[in-house]
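Participant: have a look; sequence and predicted model below, questions after that.
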Amino acid sequence: MAEKSNKVLLQVKGLKVAYGGIQAVKGVAFEVHEGELVSLIGSNGAGKTTTMKAVTGTLPFNDGTIEYLGKSIRGRGAWDLVRDGLVMVPEGRGVFARMTITENLQMGAYIRTDKAGIAADIDRMFALFPRLKERRDQLAGTMSGGEQQMLAMGRALMSQPKVLLLDEPSMGLSPIMVDKIFEVVRDVYAQGVTILLVEQNASRALQIADRGYVMESGIITMTGAGREMLSDPKVRAAYLGE
Ligand SMILES: Nc1ncnc2c1ncn2[C@@H]1O[C@H](COP(=O)(O)OP(=O)(O)OP(=O)(O)O)[C@@H](O)[C@H]1O
């Protein structure tokens, strides 16, 4: 599939990240264009989460460049990038367990001051995630893993992201919940949000992606259109169990 737009929102070149003496990311390059859904797949320990942390300003990087909206993110904190629309839903979700669903959604809008807009967006989240609406006054910590994933996505969307980074949203969920989460990712994408999706579920992630990247042992080893990669024998052998 052709790139959605010529406007590059996120550009990573020669990225290297180390933990102490161990190089986890060894020179990674990728880009995300406006309106695209890009999937980054790869097995355990490939360096996907490390890459996401560097991109969102939560982990320092040793070498390379990361540009968001045409400007280097080096030295910028994670909050500053969130304010500029670069928002991650981390692996493990991180909802505020002792707050209700509605309160969690309100927290997601903490950078905004438009009260009417925030209320309208909470309604929009309830339309997107009817399950959250049903349980709006329930404490987030008492919800199932899939419900918490929905809440984490809803909370991130409340900040009106330009680029939404999702780190393994399907991890640990039942097959039905995985279906639901991928459906929601598609809906959010259809609404025009640019998405970078990190997944071990390669088949599902490539099915919905405009483009994909495969990461192995800290480097990008393959890239292409999502559906073409799905039918690539090398991808099928390594990631789809064939
Ligand atoms: N805080 C840390 N300290 C030391 N090593 C780390 C740390 N976090 C990750 N690593 C190592 O860096 C490498 C890449 O890990 P990372 O979490 O980025 O992989 P991943 O592709 O996201 O894997 P997974 O799909 O299992 O989450 C792994 O070898 C991991 O053990």
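Facilitator: Sure, I can see it. Numbering: from 1, shown residues only.
Participant: list, one by one, the residues from this structure near the ligand.
Facilitator: 19, 22, 24, 42, 44, 45, 46, 47, 48, 49, 50, 200 (Cβ under 6 Å from any ligand atom). Every C-beta, even on glycine, is put in place using the N, C-alpha and C of the backbone.
Participant: report all helices and strands that the helix or strand bottoming out on mean pLDDT in the chain contacts.
Facilitator: Ranked by mean pLDDT, DSSP states H and E, the weakest helix or strand in the chain is helix 233-239, scoring a mean of 84. When contacts are defined as 3 or more Cβ pairs under 8 Å, 6 or more residues apart in numbering; DSSP states H and E, helix 233-239 packs onto helix 202-207, strand 211-216.
Participant: kindly reformat the residues of the chain next to the ligand as CSV containing distance to residue 189, secondary structure and neighbour count.
Facilitator: Below are the residues of the chain next to the ligand laid out as CSV (distance: Cβ to Cβ, whole Å; DSSP: H, G, I helix; E, B strand; the rest coil; neighbours: other Cβ atoms under 10 Å):
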residue, distance to residue 189, secondary structure, neighbour count
19, 32, strand, 10
22, 35, strand, 8
24, 28, strand, 20
42, 21, coil, 25
44, 26, coil, 6
45, 28, coil, 12
46, 23, coil, 23
47, 24, coil, 23
48, 19, helix, 25
49, 21, helix, 18
50, 24, helix, 21
200, 19, coil, 16
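Participant: could you pull out the buried residues of the least confident helix or strand of the chain?
Facilitator: Going by neighbour count (16 or more other Cβ atoms under 10 Å), the buried part of helix 233-239 is 235, 238, 239.
Participant: list of residues touching it?
Facilitator: 41, 43, 202, 203, 206, 214, 222, 229, 230, 242 (Cβ atoms under 8 Å, 6 or more residues apart in numbering).
Participant: what sits against residue 21?
Facilitator: Counting by Cβ under 8 Å, 6+ apart, residue 21 has no contacts.
Participant: typo on my end, it should be residue 17
Facilitator: So residue 17 contacts 23, 24, 25, 47, 50, 51, 53, 54, 59, 60, 61, 62 (Cβ under 8 Å, 6+ apart).
Participant: which of the residues you listed has the most neighbours?
Facilitator: residue 51 (30 neighbours; other Cβ atoms under 10 Å).
Participant: correct me, but that residue touches residue 26?
Facilitator: No - counting by Cβ atoms under 8 Å, residue 51 does not reach residue 26; the two are 10.7 Å apart.
Participant: partner residues bridging residue 72?
Facilitator: With DSSP bridges applied, residue 72 shows beta-bridge pairing to residue 67.
Participant: any idea how many residues pack against it?
Facilitator: 11.
Participant: what's the answer for the one 10 residues further on, then?
Facilitator: Residue crowding around residue 82 was assessed by other Cβ under 10 Å; the count is 19.
Participant: isn't residue 214 right next to residue 229, touching?
Facilitator: Yes - the criterion here is Cβ under 8 Å, and residue 214 meets it with residue 229 at 7.5 Å.
Participant: overlap in contacts of these two?
Facilitator: 222, 223, 235.
Participant: list just the nearest of those to the ligand.
Facilitator: residue 222 (15.0 Å; Cβ to the nearest ligand atom).
Participant: fine by me, thanks again.
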